[in-house]
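S.K.: Whatever this is, show me its structure:
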Amino acid sequence: MVQGNGHNSTSDWMLTMLLLALPIVGFIMLLVWAFGGNKDCRSGFAKAVLIWYLIGIILTIVLALAIPAFFSFLPWVTS
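M.R.: Take a look at the predicted model:
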């Protein structure tokens, strides 16, 4: 899979993206690649994707709480 120079081939990245497209398997593979003992180029990529997931979850929670609060202050919106 990983070549001697530490870089993945195009087919390796295609397999990586295929695995990440699977809902539960992709998340588990991200955790394995990010926190497993192997320090190949997928490790940094997996950590970056997990950080983006965390940012997305935080923004979703903030917006889910902020949008209803915003609309409750509008005078034409009735409860």
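
S.K.: mind showing which ranges of this protein have poor pLDDT?
M.R.: When residues are selected by pLDDT under 70, those of the chain lie in 1-6, 74, 76-79.

S.K.: 90 instead, please
M.R.: 1-9, 12-13, 36-42, 65-79 (pLDDT under 90).

S.K.: how about the strands in it?
M.R.: Counting by DSSP state E, the chain has no strands at all.

S.K.: Which strands or helices does the top helix by length along the chain pack on?
M.R.: Longest helix in the chain, counting residues (DSSP state H): helix 41-72. Applying 3 or more CB pairs under 8 Å, 6 or more residues apart in numbering; DSSP states H and E, one finds that helix 41-72 makes contact with helix 10-21, helix 23-35. (Glycine included, C-beta is placed from N, CA and C.)

S.K.: Contacts for the last one, please.
M.R.: Outside of helix 23-35, the residues that reach it under the criterion CB atoms under 8 Å, 6 or more residues apart in numbering are L19, L20, R42, S43, F45, A46, K47, V49, L50.

S.K.: Perfect, I'm done here.
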